Each structure stands twice: as structure tokens, then as C-alpha cells.
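>>> Requesting a structural model of the entry that follows:
(one chain, ligands or ions: 1)
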Amino acid sequence: MEIVICDSYEQMSKAAAAVVAQTLNRKPDAVLGLATGSTPLGLYRELIRMHREEGLDFSYVTTFNLDEYVGLPSDHPQSYHYFMRENLFKHINIPPQNIHIPAGTTDNYRAFCDWYERRIKECGKIDLQVLGIGADGHIAFNEPGSSLGSRTRIKTLAKQTIEDNARFFERPEDVPVYAITMGVGTILEARRIILLANGENKAEAVAAAIEGPVTSMCTASALQLHQDVTFFLDRAAASRLKMIEYYEWIQAKRPGAPPSA
Ligand code: F6R
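Residues are numbered from 1 along each chain as shown. A predicted model of the protein is given here:
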């Protein structure tokens, strides 16, 4: 695991965007796994800027989103379809047929989830997976207690997640209780994973994921089993890491790092 500690949210977003751009420059038809939520907004803004100003090309890219609420149509402002369209897809040149987001309104969820897994494999598997992390250590909607071998499926959201999401809905009873989510096992099959986290409220979850035991009680801790994961953290999110000095030392001594004064 590589831990990159950034001075600000902007720096973290730019560092993550550079990894996405590098992936696309090496493999223009790369398969990207994408997350929603507030964390990757800066990353998406930077990718849009790179597309407009530097010609970063998405015309051969395929994407798979991690999750979607069950019951929300794709034009619902709180659906992840809507989020992705507004915050990324409508601003870049990705062909619509290359975009995959779990369907929140299918009438056969089991068949849809199986198809989603098959489709990822047919497209050659995910080259780069972008993740956020919940305050309880979840990745995608794999709440505490989710199997570390889980695949794409319907998941009942934790009460805490429903409460956290309530601010986006008019009435608390409008918050969906179920979501379709890639499983932890699905995520671990990506060739490379980057996890972004900012803010003090993520510090505990980040420390548990990086330095705690591998446990289904913090599904992000399963990333310790992956061979190519980078955490991009701002200082607040990194503040509970016991080994922070060591991570900064490694970063400073990385080949290509500027020589220290
Ligand atoms: C969203 C997702 C979630 C979020 C996590 C953090 O697709 O998979 O796991 O990454 O809940 O959300 P934010 O970024 O809003 O704090």
C-alpha cells in the first residue's frame, strides 16, 4: 500500500487525477471503476479541466460505477446516474454506451447483478478503481459486516448511512433503504485501486483501514490484501495514522521526489 499525504483537498484531487490521466495515457481504452459522493468531486473537476485544456481523451474509455440506490429512477437528482452525468459524464467525451451504472429500477436484481459482474469481465476487468470511504470504513455500500468475498448484490444500508444521506432528501422516509453495490471481492479484482479521503470525520476509518486488522467490520481494511493500492489523504484524514512519519519519509525518499534541503 502506498500512502500519499496531501496538504489540501485540491492537491489530493490533482494527485488522484494525475493517476487517472497516466492510466489513460498508457491505455486509452482503460476500464475505470468510479465512485460518487462528495470526495471525488475535485478529482472529477480536474479530469474535466484536463479534458478541456489538455485534450485528455475518454473516447475509448469504459466505466463501471460502484453502486446505485434501489428505487430511484436515473433522472432522480439523488440517483448516482444523475450525479455522474452532472459531475463528470456530460462534460467529457465518453461514449454513453461505454458507461455502466447499476440499475436502481430493474425488476430482476439478481439477474442484473450477475450481468454486471459478467460485463466487468467481458470488458477485460477494471484497470483503475476509484474509491471513497465512509466514516464507518465502508467502501462502495459494503457496510460493516459485509463479506470480504462479496460480489455485486443488493445490500440493506446501515442506519448510520441512511441518516448521513437524509440531508440530501426532502423527507427522511424518502431515503432509500437498499442499494445495489459491487462487492468487496469485486473491488479487489481491479488491477489498481486508489482511495481518496479528506476531512477529520474520515480519520478514524482511514486509520482502521490502513493500520487496523483486516476485518469485515471495516470493509476498507480488505484493501490491505491488494497488491496495488494508493491512499490519497488530506492531512485531516491522515491525522490518526500511527505511522504517519514513516509514510511521509517514504514519500520524501521515493525515486523522483525532489531532494530535501
Ligand atoms: C459512493 C460510495 C461510497 C462513498 C462513501 C464516502 O459511490 O461508494 O462508499 O465513497 O460513502 O462518501 P463521501 O465521499 O460523500 O464522504
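
>>> use CA for all of it now, contacts and neighbours both
OK.

>>> So which residues of this structure form helices?
Applying DSSP state H to the chain gives helices spanning 9-26, 41-54, 80-87, 109-122, 159-165, 184-188, 203-211, 244-253.

>>> JSON lines please, covering the ones you listed and showing mean pLDDT and distance to the ligand.
Below are these laid out as JSON lines (pLDDT from 0 to 100; distance: least, CA to the nearest ligand atom, whole Å):
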{"stretch": "helix 9-26", "mean pLDDT": "98", "distance to the ligand": "12"}
{"stretch": "helix 41-54", "mean pLDDT": "98", "distance to the ligand": "8"}
{"stretch": "helix 80-87", "mean pLDDT": "98", "distance to the ligand": "8"}
{"stretch": "helix 109-122", "mean pLDDT": "97", "distance to the ligand": "16"}
{"stretch": "helix 159-165", "mean pLDDT": "84", "distance to the ligand": "8"}
{"stretch": "helix 184-188", "mean pLDDT": "98", "distance to the ligand": "11"}
{"stretch": "helix 203-211", "mean pLDDT": "98", "distance to the ligand": "11"}
{"stretch": "helix 244-253", "mean pLDDT": "94", "distance to the ligand": "22"}
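
>>> Nearest to Gln129 among these would be which one?
Among those, the nearest to Gln129 by CA to CA is helix 184-188 (7.4 Å).

>>> hmm, who's touching that closest one?
By CA atoms under 8 Å, 6 or more residues apart in numbering, the surrounding residues in contact with helix 184-188 are 117, 129, 139, 142, 146-152, 219, 222-223, 226.

>>> any idea which of those is closest to the ligand?
Ile139 (4.3 Å; CA to the nearest ligand atom).

>>> All set now, cheers.
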